[in-house]
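[1] Predicted coordinates and the sequence they were generated for:
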Amino acid sequence: MSEVSKEYNFASIEEKWVDKWQPSAYYFDWDSKKPQYIIDTPPPYPTGNFHIGNALNWCYIDFVARYKRMRGYNVMFPQGWDCHGLPTEVKVEETYHITKNQVPRDEFRRLCEQLTMQAIERFHQSMGRLGLSIDWSNEYVTMKPEYYVRTQKSFVRMYENGQIYQAEHPVNWCPRCGTAIAFAEVEYDSRTTNLNYMRFLAEDGCVEIATTRPELLPACVAVAVNPEDERYRKYIGKEVRVPLFDYPVPVFADPAVDPNFGTGIVMICTFGDRQDVRWWMEHHLPLRQALDREGKLTEIAGPYTGLSTEEAKKRIIQDMQDKGIVFKQEPLDQNVGLCWRCKTPIEILSGRQWFVRIDPEEIKKTSEEIEWVPPHMQVRLKNWADSVEWDWCISRQRIFATPIPVWYCRRCGEPLVAEEKWLPLDPTRTSPPVKCRCGSDEFVPERDVLDTWMDSSISALAVAGWPDRADMRMPTQLRPQGHDIIRTWAFYTILRSKALTGMKPWDTILINGMALGEDGHKMSKSLNNFIRPEEVFETNGADALRQWAAMGGAPGNDIMFQWKEITAASRFQQKLWSIYRFSALLMAKTSEAPGQVDRWLLGELDSLIEATTKAMDHFQFDEAIKAIRAFAWEVLADNYIELVKARLYGSDGPEKRAAQNTLYTAIETLMRLMAPIAPFLSEEIYHSMMKESVHLQSWPETSGTAVDPEGLAIKEIAAALRRYKAERGLALNAPLPGIVVYHPSILETTDLQGVANSAVESRTGKPEIELKPVAVRPQMKILGPRFKDRAGKIIKALSAMSPVGIERQRASGQIRVEVEGETVDVPTEAVEVVVETLSAGEAVDVLNVGSATVLVRR
Ligand SMILES: [Zn+2]
Ligand SMILES: [Zn+2]
């Protein structure tokens, strides 16, 4: 075996293995007879760079993938890229200083694709360097026709089943992004605004109404009061006139009106909020659209047409104040819906959009068939399902997305949905190969595109081979994902999987936490707590970052990035390397039967295998790495190796060969247990021992060795002897005059002799021990004050007496001495008797160690 360097050189070793590992080792085998384990890996948005949060989540996936491979599963760890969507469009607009409407649609799409491919390449680099065992034969890119043909097929099938429909319906709208968005994409934040009190004219006088959105006055279609509210009962069924715009609207009663808010009368606009939509539907109110798609006021706003909502609000309030219509303003804290991408307040606009039907009960029922890790995360999905009021709006008024494969007849307006065999296609580039039912062959393409969640919500289906493979592999086994996208990705995937295959998408969903900065806040460049994975690769290597991820705690918890954890990981790697360096020339695979101490270690190794297996099965990676560290550091290095050094360095024989084999077994097993978490270090050590990749090996099985009680006793006796020497200031290798160990059974003494550097004899049973008083030490500080000038004489008398006699008196509670013919009572605490321990007449020190008694000759 060649010389092993003293320092673990993580940089060169990790880079070497990145180059050497064959990607094909991780390919899923569609023909394998092994049980499948398919992971529905998150497809990230390829914008920006692979960050620490990604690294954390992908480490978890890689731990599972590597572990399951070793457990004999046919594992698929695919990697997809969720390319479409606004972040990339915005990035292109920023990069080229354009807006999407300033360049042709195709050119804009080309720029988005180019930017995406560059980002994917950067992600590839980082993922490779992190040592992820991704199955690149199952990579998918949602913007490519090979993938979006599936999204389009799913659209066509769900349309044909009646699960997708087009309708005129209010939707959440981001005026900045210029597109409809789904409820799941609306975030709420509190803002302070003004509640404006104003007067509406009624038949007899006026009614007072408070609103936060006076700019929506031209969209007012009714006012409502609570039926129990005595104050306003007389107005129900009558009309009032909208101020400034001067047209009549009805007054109706609805129990949802809060009589304590404002004046107790609400103005209903199309649409100020979700409640307006509910009332609009229940009471069949007309639609007055006062805002256009850019958030500007429409013609019905008369003199305010074309103004932004902000300007219109200011001007309308001003005009109403001038006319005495607004008579009071007070500040109000309000929850405002924001676009999750750009944080612009959303509006609710009605328009013709495409929708996916949502059946909340079916989604909740399906979620029951899935194992949630940790279980409490399931509540988030159920709560969301219960709060959904409208179907999922899937049409977007953007460009970089999967085209909706639909045209409209120019003559009769009928929509024509593409047939599956025509797909993939972009209706803005291709005409349908058939005529409309009315005979016309002139069509207008659907220019709206699909919500990007329509692509990613079929990720499980896509990796399982839907829709083309006859041997489709649904359900998949694992969905790892963040808790921030339970209401989107998890919810939509369950919905789509059920709609398209009738099956749950996965057996288990594993929710991981977010990576926080060292200050406990979300990592961000502006907070200056941002760490790039590459920084850690350079300073401590990928395995150290992976160990930090493993140490992060139970799934679902957010975890802080901590350099001290990275340092601890590096220190552990160096420790393992030192163990290996020491062992490399001494260990050997032999068939020698293990001795007592070896069986103790092999028993501990079995416990480690059990603990690590259990932890990995339950995604408790922190438990796994803690158990491994404790074994390597305390059991193997501090105890076993120290115990067996004498045998390893000694002359050849059964005892030496047993230790060589035990050490070999321990290190070989440890490397296999470490392989999922620290693939580089374990490969380096395993490969140099076995000339094979550790990542092609099976997971360690327990050998059935129980911890040997004799071996355990020897380990504890060795520790007691080390303490004994330390307490007496003796060097650890200082020889002792002789050691006799009494234990219920005979112990093997070679290792103890080695550790104590002394002769050790093992006997069964208990030693005969005699305690012999050998000297008397009168205590002057008690005798002096008590007996004054007689103290000297008392001490002299005590010293003349036999220690055995004094001890006998002391035990009876009273010591009497004769001084000048007089009997004096001396308190027992005034005399200390020195006792020596004797065994077979020899002076010894006694160490009680569990069921063993150790006599050390003095
Ligand atoms: Zn937006
Ligand atoms: Zn037609």
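    It's in. Ligands and ions are numbered 1, 2, ... in the order given.
[2] Residues touching the helix ranked longest in the chain, excluding its own?
    What stands out as the longest helix in the chain, according to DSSP state H, is helix 105-129. Helix 105-129 has contacts (CB atoms under 8 Å, 6 or more residues apart in numbering) with 14, 18, 44, 46-50, 54-55, 58, 79, 81, 83, 88-89, 91-92, 95-96, 98, 100, 103, 134, 141, 143, 399-400, 428-429, 533-534, 537, 542. The way it works is simple: take the backbone N, C-alpha and C, and place the C-beta from them, glycine included.
[3] Look up how far Ile609 lies from the closest residue to Trp506 other than its chain neighbours.
    Closest residue in space to Trp506, ignoring its immediate chain neighbours: Arg479 at 4.4 Å, by CB to CB, 6 or more residues apart in numbering. For Arg479, the distance to Ile609 (CB to CB, to the nearest Å) stands at 28 Å.
[4] from the middle of its chain, how far away would the longest helix of the chain be?
    26 Å (CA atoms, centre = their mean, to the nearest Å).
[5] need the contact list for the residue of the stretch 1-150 of the chain found nearest ligand 1.
    Across the stretch 1-150 of the chain, the shortest distance to ligand 1 (CB to the ion) belongs to Leu86, at 7.0 Å. By CB under 8 Å, 6+ apart, the residues touching Leu86 are 177, 179, 341-342, 398.
[6] And for Thr428?
    Going by CB under 8 Å, 6+ apart, Thr428 touches 105, 403, 445, 447.
[7] any idea how far the spatially closest residue to the third one that is not a sequence neighbour lies from Leu586?
    This means Pro445. Leaving aside its chain neighbours, Pro445 sits nearest to Pro427 (3.7 Å; criterion: CB to CB, 6+ apart). Pro427 sits 73 Å away from Leu586, going by CB to CB.
[8] What of Ala843?
    Taken as CB to CB, the span from Ala843 to Leu586 is 39 Å.
[9] What is the burial count for the nearest residue to Ala756 once chain neighbours are set aside?
    Of all residues not flanking Ala756 in the chain, Leu721 sits nearest, at 4.9 Å (CB to CB, 6+ apart). Here the number of neighbours of Leu721 (other CB atoms under 10 Å) works out to 24.
[10] Let me see the mean pLDDT of the helix or strand hosting Leu721.
    Using DSSP states H and E, Leu721 maps to helix 709-727. Here helix 709-727 scores 96 as its mean pLDDT.
[11] going forward can the numbers begin at 30, since that is how I track them
    All right, first residue 30 from here; so that's helix 738-756.
[12] What is it packed up against?
    Secondary-structure packing of helix 738-756 (3 or more CB pairs under 8 Å, 6 or more residues apart in numbering; DSSP states H and E): helix 625-646, helix 671-678, strand 768-772, helix 779-785, strand 871-878, strand 881-886.
[13] Would you map the strands across the stretch 480-629 of the chain?
    505-511, 535-541, 544-545, 588-589 (DSSP state E, counting those that start in this stretch).
[14] mind putting these in JSON lines, mean neighbour count, mean pLDDT and distance to Glu777 included?
    Shown next, in JSON lines, are the strands of the stretch 480-629 of the chain (neighbours: other CB atoms under 10 Å; pLDDT from 0 to 100; distance: least, CB to CB, whole Å):
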{"stretch": "strand 505-511", "mean neighbour count": "22", "mean pLDDT": "96", "distance to Glu777": "48"}
{"stretch": "strand 535-541", "mean neighbour count": "22", "mean pLDDT": "96", "distance to Glu777": "47"}
{"stretch": "strand 544-545", "mean neighbour count": "20", "mean pLDDT": "88", "distance to Glu777": "50"}
{"stretch": "strand 588-589", "mean neighbour count": "19", "mean pLDDT": "90", "distance to Glu777": "46"}
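[15] mind putting these in CSV, distance to Ile354 included?
    Formatted as CSV, those follow (distance: least, CB to CB, whole Å):
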stretch, distance to Ile354
strand 505-511, 49
strand 535-541, 52
strand 544-545, 51
strand 588-589, 55
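[16] possible to save these as a markdown table with distance to ligand 1?
    Output for these, formatted as a markdown table (distance: least, CB to the ion, whole Å):
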| stretch | distance to ligand 1 |
| --- | --- |
| strand 505-511 | 21 |
| strand 535-541 | 27 |
| strand 544-545 | 26 |
| strand 588-589 | 30 |
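[17] Indicate which one of the ones you listed is closest to ligand 2.
    With CB to the ion, the closest approach to ligand 2 among the strands of the stretch 480-629 of the chain belongs to strand 505-511: 42.3 Å.
[18] In this protein, which strand is the longest?
    When the chain is parsed with DSSP state E, its longest strand is strand 215-231.
[19] I'd like the next helix or strand past it.
    Moving toward the C-terminus from strand 215-231, the next element (DSSP H and E) is strand 234-240.
[20] In its sheet, which strands sit next to that next one, and in what direction?
    Partners of strand 234-240 in the sheet, by DSSP bridges, are strand 215-231 (antiparallel).
[21] Indicate whether the strand it pairs with makes contact with ligand 1.
    No: taking CB under 5 Å from the ion as the criterion, strand 215-231 and ligand 1 are apart, separated by no less than 10.2 Å.
[22] Check the offset of that strand from the chain's centre.
    Put simply, strand 215-231 sits 40 Å off its chain's centre (CA atoms, centre = their mean).
[23] ditto for stretch 160-177
    23 Å.
[24] Tell me the buried residues in that stretch?
    Neighbour counts over stretch 160-177 (16 or more other CB atoms under 10 Å) mark 160-164, 167, 169-172, 176-177 as buried.
[25] Compute the first-to-last residue distance for that stretch.
    Separation of the first and last residues of stretch 160-177 by CA to CA, to the nearest Å is 29 Å.
[26] Can you give me the neighbour number for the closest residue to ligand 2 within the stretch 230-379 of the chain?
    Using CB to the ion, Ser379 is the residue of the stretch 230-379 of the chain that sits closest to ligand 2, at 25.3 Å. Per other CB under 10 Å, the neighbour tally for Ser379 reads 17.
[27] Not counting its neighbours along the chain, what's nearest Glu621?
    Arg686 (3.8 Å).
[28] typo on my end, Cys203
    That would be Cys368: by CB to CB, 6+ apart, it lies 3.8 Å from Cys203.
[29] Restricting to C-alpha, output stretch 47-57 in CSV.
    What follows is stretch 47-57 as a C-alpha-only set of coordinates in CSV (Å, rounded to 0.1, in the frame of the first residue of the first chain):
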residue,chain,number,x,y,z
VAL,A,47,-15.8,14.3,-10.0
ASP,A,48,-13.7,13.5,-13.1
LYS,A,49,-13.6,9.7,-12.6
TRP,A,50,-17.1,8.8,-11.6
GLN,A,51,-19.1,7.4,-14.5
PRO,A,52,-22.6,9.1,-14.9
SER,A,53,-24.0,5.8,-16.2
ALA,A,54,-23.6,4.2,-12.8
TYR,A,55,-26.6,6.2,-11.7
TYR,A,56,-28.9,5.5,-14.7
PHE,A,57,-32.3,4.1,-14.0
